[in-house]
Every structure is written in C-alpha cells, then in structure tokens.
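Enquirer: For reference, the sequence and a predicted model appear below.
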Amino acid sequence: HKIVSSNDHISPKGAKEERYERVRGLPERRRLSCSAQILGDLVIDVPQDTVINAQTIRKDADTRVIARDSAIHLCYVEIEEPDMHNPSGDLDRLKIALMKDWGLKSLDFDFHLLPQVQGILRKGNWTATAAIHKDTDSETARVIALWPGLKNEAYGLACDIGSTTIAMHLVSLLSGRVAASSGTSNPQIRFGEDLMSRVSYVMMNPDGREGMTVAVREAISGLVDKVCAEGNVQRNDILDSVFVGNPIMHHLFLGIDPTELGGAPFALAISGAVHIKASDIGLKLNQGARLYMLPC
C-alpha cells in the first residue's frame, strides 16, 4: 500500500493558528495539532525541539589508560616587541619565537588569525598562547588559534553517530579528562527506521539527502550545547573533534549522497579518513577547530 501525503490532506490554518503565529511565531510548514484536522493520508514529522518528554540517552565514556598524543598542543611564547630598527611584522616575530622555543621546523598560520594577531599580542603584553595543529600526514605545523597571555586548557569532542542514537563526550586535550557526556536519539529515524530505508528515502526524494544531513548536524549541535553547559566550557575553547559512524551515517553527516551504498558493489565515496575544518560542515566551535572523521 502506498501512502500519498499531500498539503491538501490537512485543513487550512484557522483563526486560532493565525493568532498564535502573530503572537508567538510559528515556523513555516509547522501546524498546531490541536487545531489542524487530517483530511487524508498524511506523514507527520514531530520536530525534536517540540518533544516535551524526549528520550534521555546517555552513554558513559569507556575510558582506559593510553599514551596521549594529541594533534593539537598549546604553546606559550614571549615575543619581541616591535622596533624601529627591526621592521619585521608582528606575525613574523611570533612565528620566529614559536619555532625557536618549541623546536618547530616549519610553521603556517590559519588566515583567519591574521586580522587578530596585533590586537592579541598587545593585549597579552607581548605574550601569547598558540594552539598548534600537526597532522600525522604532514610535517608542517599550523597555528589554528591564538590567545593573549597564558591559556592552559582546551577541549575536543568525541562523537559516535549511530543509526539509532548519537553519543558525545567533551574531553580535555591536555589531561584526557572527560569533562561531560551526553546523547540523543538520531532524528533521522523519522526518515526511516533502518539504514536501507533511509537510503531508499534519499533515492525517492530529491531533498532527502539534504534533509537527513541537516537533521543529524542539528542534533550534534544540540549535543555540543549540552556538553558545554555540563562541563562549563565555551564553544570557542573546543579545538578538535573526532566523529565515527557506519558508512551510511558517515556519508549523510558529511553531506554525501549514500545512494551507491544501497546496492552492489556498495561503493564508498571515500574509504580513508577525512580531515577538514569543523566550520566546513557548519559546526560552530573555535573558528580554527579541526574535524577528523574516522574511515568507515
């Protein structure tokens, strides 16, 4: 049997809904269930932010003793003040000081830091803390964040995107301590109970991939808010993030069409790890924060 859902299968907005929209605001395509009447086959989506008694999901971190080798390190440095006899720029002197004090062979800077460097160095009275990221695939270190004076803490996210639930941990990059944990149901479930039904939804709906990508990213952003509140941490202090998921969750999170995974030979868009900026997918952390997606 086929369900044919259509906008004309629900009654038009009445005076009550129009008044509610004027006074409190009602997002486009949302209706009040207490006022609207169903007139035919209809698929109803209950937005996650309207669920009063939402399912509480929490997955504790399975911690173990390991040798920490973070890709990001905080490096404090003192910089020479500008001098009439030394016309080098503030960024250049900062680079020289970091390479000398921390034994770096080469060093680059994220472009977004360039307009901020002079103000930061003067605010810190010519001292600063740089967050330096170094990929295992590259010998080049890169400054991704900068603070005036001494900064002695930074955080990362570890997130498991499951087809049913999403779990997230907020972790200190310096000590490895788990500062907060949270979880939620995967909102993609409204598009399909299992993985293959979600792939089918993408195949049959032109906006299906985008809808599921937006849904999971919004859920993850909500979890970031929760762990930040629990851990008393600002989003700007999160410099790194690691995500893992099965191939379909992996593709949908990154905005990749999973259609090829729906049938043999089940070709992946990419089989290796993905290294990007968190901002590339709209995840609002520190402007220079990195995102690492494990191979699926």
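Expert: Here it is on my side, so go on. Residues are numbered from 1 along each chain as shown.
Enquirer: How many neighbouring residues does Ser185 have?
Expert: Close neighbours of Ser185, defined as other Cβ atoms under 10 Å, add up to 18. (C-beta placed from N, C-alpha, C; glycine too.)
Enquirer: Any idea what it is bridged to?
Expert: When bridges are called by DSSP bridges, Ser185 pairs up with Thr165.
Enquirer: where are the low-confidence patches of the chain?
Expert: Applying pLDDT under 70 to the chain picks out residues 1-3, 47-66, 136-137.
Enquirer: now the helices for it?
Expert: Here the chain has its helices, by DSSP state H, at 15-23, 90-102, 117-123, 195-204, 208-231, 247-254.
Enquirer: Most tightly packed of those helices?
Expert: Most buried of the helices of the chain, by mean neighbour count (mean count of other Cβ atoms under 10 Å): helix 247-254, with a mean of 23.
Enquirer: What helices and strands are in contact with it?
Expert: strand 155-161, helix 195-204, helix 208-231, strand 290-293 (3 or more Cβ pairs under 8 Å, 6 or more residues apart in numbering; DSSP states H and E).
Enquirer: any idea how far Ile96 is from Ile270?
Expert: Relative to Ile270, Ile96 is positioned 38 Å away (Cβ to Cβ, to the nearest Å).
Enquirer: swap that for Tyr155, sorry
Expert: Tyr155 is 27 Å from Ile270, by Cβ to Cβ.
Enquirer: quick one: Tyr155 and Val178 touch, right?
Expert: No: using Cβ atoms under 8 Å, Tyr155 is not in contact with Val178, being 10.3 Å away.
Enquirer: shared neighbours, the two?
Expert: With contacts taken as Cβ atoms under 8 Å, 6 or more residues apart in numbering, Tyr155 and Val178 have Leu170, Val171 as neighbours in common.
Enquirer: Neighbour count: the two, which is higher?
Expert: In this view Tyr155 and Val178 are compared by other Cβ under 10 Å, and Tyr155 has more residues nearby, 26 against 16.
Enquirer: got a list of what the residue nearest to that one when sequence neighbours are not counted touches?
Expert: Distance criterion Cβ to Cβ, 6 or more residues apart in numbering; nearest residue to Tyr155, sequence neighbours excluded, is Ile238 at 4.9 Å. Applying Cβ under 8 Å, 6+ apart, one finds that Ile238 lies in contact with Ala154, Tyr155, Gly156, Leu157, Leu170, Val224, Cys228, Leu285, Asn286, Ala289.
Enquirer: The chain - how does it break down into domains?
Expert: Per the record, the chain has its domains at 1-44, 72-148, 155-293, by automatic domain parsing.
Enquirer: Let me know which of those domains is tucked in deepest.
Expert: Note that of the domains of the chain, domain 155-293 is the most buried (mean count of other Cβ under 10 Å), with a mean of 18.
Enquirer: Do me a favour and get the end-to-end distance for it?
Expert: 17 Å (Cα to Cα, to the nearest Å).
Enquirer: Same check on stretch 5-22?
Expert: Per Cα to Cα, stretch 5-22 runs 27 Å from first to last residue.
Enquirer: Give me the residues contacting that stretch.
Expert: Leu26, Arg31, Leu32, Ser35, Ala36, Gln37, Ile38, Leu39, Gly40, Asp41, Leu42, Val43.
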